[in-house]
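> return a 3D structure for these sequence lines:
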Amino acid sequence: MKDSIYQKVVARLIKIGVSSPRLEARLLIEDALTNKEKNIFSVVLNDEEQKKLEENLEKRLLHMPLDKILQKKDFYKDTFIVSEDVLSPRPDTEILVEESIQTAKIHGLKSVLELGVGSGCVLFSILKEITYIQGVGIDYSIKALSVARQNLQNLNLETRCLLMEADWFKDDFLKLFSQKFDMVVSNPPYIPTSDISELEPEVKNYDPMLALDGGKDGLDSYKRIAFLLPNLLKSGGFGLFEIGQGQALSVRKIFEQNGLKFVRSVSDLAGIERVLVFQKL
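Below you'll find the model as predicted:
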């Protein structure tokens, strides 16, 4: 019996070591279809559909991440537009969202700033969940901000969030803000520069370097954010930050040296500390 298109795509994905070849095959075929109601397991593609599938499959075989090919990614409770100009949303980052939402609800927080907004998946997920919060998202990348603006519009959050181009390493960064915030969140770049070459090709070749490279020890952004945080937070305000594996003690020390109180750490399902929570007293 002749293999179906679905079976052929699965086989080609398995050859390059894709971890979920059946899921990805289904999504690639679904994206190529003009009639989304067709059965992907027995579908016969027309020329246009076949061309689109083959083009996208070739990209995946070159290790372009599926979300960058389809230009969308499910994250938390919504679907976000993505591109090679933003970091692909990771499941681990949903921990940052969940902890931010919990903290905001418990303490009745009304304003949040995200440093390095990227696609907007973190900030916008918080705003969608808590309808009384106002947000500000900053990013150094104009192209990333363009993606964020599309997601902002799609989620109908324009009236509750301001997006700004800014570089938190600039000396005049704090002058951008006339107010302080109840909460500051960030998933900053935290990969040590020398480790980037060892990352999976899906990451090192297709995620923006600006969102990956954390400097020699991976801690450059944490050091800068910890310095800025006392001037960004209101008294009693909270800072929540995603961290890399093995960085918890170092990052905690950096923030405590800048006068922030350590509140808690949150681990992922593998027991790796992923989010640290601090408070300005």
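
> how's this protein carved up into domains?
What the record gives for the chain is the domain set 5-62, 73-279, from automatic domain parsing.

> possible to save the ones you listed as CSV with mean neighbour count and mean pLDDT?
Glycine gets a C-beta too; all of them are placed from N, C-alpha and C. As requested, the domains of the chain are exported to CSV (neighbours: other C-beta atoms under 10 Å; pLDDT from 0 to 100):
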stretch, mean neighbour count, mean pLDDT
domain 5-62, 15, 91
domain 73-279, 18, 97
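
> residue contacts, V184?
Applying C-beta atoms under 8 Å, 6 or more residues apart in numbering, we find V184 in contact with 112-115, 225, 229, 232-233, 237-240.

> distance check, the nearest residue to I243 once chain neighbours are set aside against K77.
Excluding the flanking residues, the one nearest I243 by C-beta to C-beta, 6 or more residues apart in numbering is V251, at 5.2 Å. Here the criterion is C-beta to C-beta, to the nearest Å. By it, V251 lies 28 Å from K77.

> same question, K105
In terms of C-beta to C-beta, K105 sits 15 Å off from K77.

> who touches the residue most central in space within the chain in this structure?
When C-alpha atoms, centre = their mean is applied to the chain, the residue found nearest the centroid is P89 (3.5 Å). Neighbouring residues of P89 by C-beta under 8 Å, 6+ apart: 67, 73, 75, 80, 82, 119, 121.

> show me these that map onto strands.
73, 75, 80 (DSSP state E).

> for these, give me JSON lines that also has distance to D195.
Shown next, in JSON lines, are these (distance: C-beta to C-beta, whole Å):
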{"residue": "K73", "distance to D195": "24"}
{"residue": "F75", "distance to D195": "25"}
{"residue": "F80", "distance to D195": "27"}
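
> out of those, which is nearest to R12?
Nearest to R12 among these, counting by C-beta to C-beta, is K73 at 22.0 Å.

> please enumerate the helices of the stretch 1-150 of the chain.
Taking DSSP state H, counting those that start in this stretch, the helices of the stretch 1-150 of the chain run over residues 5-15, 21-32, 47-61, 66-70, 93-107, 121-129, 142-154.

> by contact count, what packs against the fifth one?
Pointing back at helix 93-107 there. Packing partners of helix 93-107 (3 or more C-beta pairs under 8 Å, 6 or more residues apart in numbering; DSSP states H and E): helix 121-129, strand 181-186, strand 233-242, strand 273-279.

> now the residue nearest to E94 when sequence neighbours are not counted: how far from E98?
Of all residues not flanking E94 in the chain, Y76 sits nearest, at 5.3 Å (C-beta to C-beta, 6+ apart). For Y76, the distance to E98 equals 8 Å [C-beta to C-beta].

> returning to what we had before: and the residue nearest to the centre of the chain, its phi and psi?
phi -60, psi 130 (degrees, to the nearest 10).
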